[in-house]
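S.K.: model this:
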Amino acid sequence: MTTHQTIYWPPERENEGVREAAALLAAGGVVAFPTETVYGLGGDARNEAAVERIFAAKGRPSDNPLIVHAASAEEAEALAAEIGPAERRLMDAFWPGPLTLVLPARPGVVSARVTAGLDTVAVRVPGHELARRLIAAAGCPIAAPSANRSGRPSPTRAGHVLEDLNGRIDGVLDGGPTGVGVESTVVRIVDGAAHVLRPGGVTAEQLEAALGGEAHVASPAPDAGDAAAADAGAPRSPGVKYSHYAPKGVMVVVAGGDAARVRAAAQEAADAQRSRGLRVGVLACDENAPAYRADAVLRLGPRAEPERAAQALYAALRECDELGVGFIVAEGYPERGIGAALMNRMRKAAGGRIHYV
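M.R.: Numbers count the residues shown, from 1 in each chain. Here you go, the predicted model:
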């Protein structure tokens, strides 16, 4: 695609950045902006040419739907043909915040490229105040996948966006590091069941509590979404059909309930690859990190705080790329709470290579 200058608005030019970025979005431009999860690459969801530019910049398959971001729940509701009581409970509990709802689409309100031709639309109200200000100033719903080249680790800092998309998009609005670090949870309510199409910043346990019996959470097996999406054509949610979040090097995840066995198996894998001449990186909790022998050991935070690991994961994968690491071994985490989303992203980054000990 044709390259051009990408405008960068630093945090100290926030007000000017919102004003100028909103004008670009309203005119059909594409701009990266911070959310509480990861940085998004936004364009007017009603403008097919703007949506096409998002796909082109990312190199993203066009049968993968985009999430539409709204400045308020009221604006989000205008995109849906109907909203049931279970969806309302979730909206009330988690908006603004890292929850995306897949709803019946109101005909004609967004480009068919946003929905991948489906009869549903994925919608959320971001928890990041700067994102909501930008969307409100643009005066339109904003379709926004993560602001990275498709398949690469998602960006949690403005610098990550520029690494992937400088010269391919109109601007980057820098709001500092993101908070959650993994993408939003995507939920679709069907026949009284809340199907978690993508785990994320809102946990299954939080969903269950908020639903209050209006529906029950029916999460699929860890990789069920991939197989189902492959069989069903266009997926209802992003992040379930194609390779995602991958570093340049080969990655394997070592998981299990015994920390000593995990550490020993991870070191064995690292030693085997170093003996072959590869640069090896280890992603480890703070407690285990000092014990590893590797070319790079990146800390993901205390073992008991998986939310810290979720915040740090994508930046750690990108750092491994910067260091020329050819093989990455990562410690796994229990798949409960935010750990479910963390392990989902680790599994995808590793291409399914996970070793349980």
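
S.K.: can you give me the helices in the protein?
M.R.: Using DSSP state H, the helices of the chain run over residues 14-26, 48-58, 73-77, 85-94, 112-115, 129-138, 158-165, 204-211, 224-232, 259-274, 306-322, 339-349.

S.K.: so what's Pro258 closest to, chain neighbours aside?
M.R.: Let me fix one detail, which is that residue 258 is Asp and not Pro. Val357 (7.3 Å; C-beta to C-beta, 6 or more residues apart in numbering). For every residue, glycine as well, the C-beta is placed using N, CA and C.

S.K.: Now do the contacts for the one you found.
M.R.: Counting by C-beta atoms under 8 Å, 6 or more residues apart in numbering, Val357 touches 254-256, 258, 261-262, 264-265.

S.K.: From those, list the buried ones, please.
M.R.: Those of the contacts of Val357 that meet the buried threshold are 254-256, 262, 265, by 16 or more other C-beta atoms under 10 Å.

S.K.: low-confidence ranges in the chain?
M.R.: Low-confidence segments of the chain, defined by pLDDT under 70: 1-3, 219-235, 238-244.

S.K.: Nearest to the spatial middle of it, which residue is it?
M.R.: Centroid-nearest residue in the chain: Glu183, 2.9 Å away (criterion: C-alpha atoms, centre = their mean).

S.K.: surely that residue meets Gly40?
M.R.: No. Counting by C-beta atoms under 8 Å, Glu183 does not reach Gly40; the two are 9.4 Å apart.

S.K.: list the residues that contact both of these two?
M.R.: With C-beta under 8 Å, 6+ apart as the test, Glu183 and Gly40 both reach Ser146.

S.K.: Now do the contacts for the closest residue to Ala340 other than its chain neighbours.
M.R.: Spatial nearest neighbour of Ala340, excluding adjacent residues (C-beta to C-beta, 6+ apart): Pro199 at 4.5 Å. Listed by C-beta under 8 Å, 6+ apart, the contact partners of Pro199 are 185, 219, 340-341, 344.

S.K.: what about Pro199, distance to Ala246?
M.R.: Distance of Pro199 to Ala246, given as C-beta to C-beta, to the nearest Å: 18 Å.

S.K.: do Glu82 as well
M.R.: Taking C-beta to C-beta, one finds Glu82 at 37 Å from Ala246.

S.K.: Looking at these two, which has the bigger crowd around it?
M.R.: The residue with more neighbours, out of Glu82 and Ala246, is Ala246; 17 against 9, by other C-beta atoms under 10 Å.

S.K.: Spell out which residues sit in contact with Ala312, please.
M.R.: Ala312 makes contacts with 181, 298-301, as judged by C-beta under 8 Å, 6+ apart.

S.K.: repeat that with 10 Å
M.R.: By C-beta atoms under 10 Å, 6 or more residues apart in numbering, Ala312 lies in contact with 156, 177, 181, 283, 298-301, 319, 342.

S.K.: Only whichever of those are buried, select them in PyMOL.
M.R.: To isolate the buried members of the contacts of Ala312 in PyMOL, using 16+ other C-beta under 10 Å:
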select buried, resi 156+177+181+283+298+299+300+301+319+342
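
S.K.: for stretch 5-20, the distance to its chain's centre please.
M.R.: 23 Å (C-alpha atoms, centre = their mean, to the nearest Å).

S.K.: go on, stretch 15-31?
M.R.: Stretch 15-31 has its C-alpha centroid displaced from the chain centroid by 22 Å (C-alpha atoms, centre = their mean).

S.K.: and what of stretch 74-86?
M.R.: The answer for stretch 74-86 is 23 Å, by C-alpha atoms, centre = their mean.

S.K.: Any idea how far apart the tips of it sit?
M.R.: Stretch 74-86 has an end-to-end distance of 17 Å (criterion: C-alpha to C-alpha, to the nearest Å).
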